[in-house]
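>>> With the sequence up front, the predicted model follows.
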Amino acid sequence: MVDANEGSVHPSIKDAVIYIALFVVIVWGFTYVPTGWLEVLTAGSCSWVLRAFGLSSSWVSDSGNVWLQLLGEQGPITVTIIRECTAINVFAVVTGLTAPLRADIRRKGSAIAFSGVVLYLMNLSRITLTVFLTGFSFPPFSWFFTNPTIELYHYPISFLYGVIGVALLVLMINSWFLPELADVLLDVVDVMREGVLGRGR
């Protein structure tokens, strides 16, 4: 892959394939990272935030299972914190996008560290917001359901965080750490599209 600062040489299909292959290997490698400690950290941090706002919250870790609880207006709301609740899968994708770049390792390291902190804070707010809204039956779902479930709030909130939040994170990485990121992603798309169209002719 060609660094955006090095000129306008068009990357080859080989460059694009190598970039995609490294992305896949990195994301796949993250599936073997144990997350028990991260699940505990996530539950404990969310409970601390909820208590900081004067709410009654606790968390429990037992035999590899982690739970977060909030005492809402209709009683306790309990959620299980699993691997997917830790944002490690999103972190793997962002790392897969940045690590294969031909850029200074310090800038890549800074970008990855920055994305880890931002994703942790985003995930913290996502979970606490979801649990809080469920515990106190906030609109709009409370207009249509007597006791809205955690899933009713979880899916739309997670979708917004996943689409808008991650897009903003990638833009921040591109603006502050790795200005070549956007060019490389666009180049990969162009090369792969040309390759597919070229074979179809």
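Received, thanks. All figures in this text were calculated on a predicted structure; none of them were measured in a lab.

>>> Could you measure from W143 over to D183?
46 Å (C-beta to C-beta, to the nearest Å). For glycine as for every other residue, the C-beta is placed from the backbone atoms N, C-alpha and C.

>>> Over to V90?
Applying C-beta to C-beta to V90 and D183 gives a distance of 22 Å.

>>> what separates the helix or strand of the chain with the lowest mean pLDDT from the chain centre, distance-wise?
Ranking every helix and strand in the chain by mean pLDDT, DSSP states H and E puts helix 180-200 at the bottom, with a mean of 77. From the chain centre to the centre of helix 180-200 is a distance of 24 Å (C-alpha atoms, centre = their mean, to the nearest Å).

>>> pLDDT of the lengthiest helix in the chain, averaged?
Longest among the helix segments of the chain by residue count, using DSSP state H, is helix 105-135. Mean pLDDT, helix 105-135: 96.

>>> Name the nearest residue to the residue minimising distance to the centre of the chain, sequence neighbours excluded.
In the chain, the residue lying closest to the centroid (C-alpha atoms, centre = their mean) is V90, at 3.2 Å. Excluding the flanking residues, the one nearest V90 by C-beta to C-beta, 6 or more residues apart in numbering is L119, at 5.8 Å.

>>> pull the CA atoms of the longest strand anywhere in the chain into PDB?
In the chain, assigned by DSSP state E, the strand with the most residues is strand 65-72. The C-alpha atoms that make up strand 65-72 are tabulated as PDB, following Å, rounded to 0.1, in the frame of the first residue of the first chain:
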ATOM      1  CA  ASN A  65     -20.300 -15.200  34.500                       C
ATOM      2  CA  VAL A  66     -20.600 -11.400  35.100                       C
ATOM      3  CA  TRP A  67     -23.800  -9.500  35.900                       C
ATOM      4  CA  LEU A  68     -24.600  -5.800  36.200                       C
ATOM      5  CA  GLN A  69     -27.700  -4.800  38.100                       C
ATOM      6  CA  LEU A  70     -29.600  -1.500  38.500                       C
ATOM      7  CA  LEU A  71     -32.500  -1.000  40.900                       C
ATOM      8  CA  GLY A  72     -35.100   0.800  38.600                       C
END
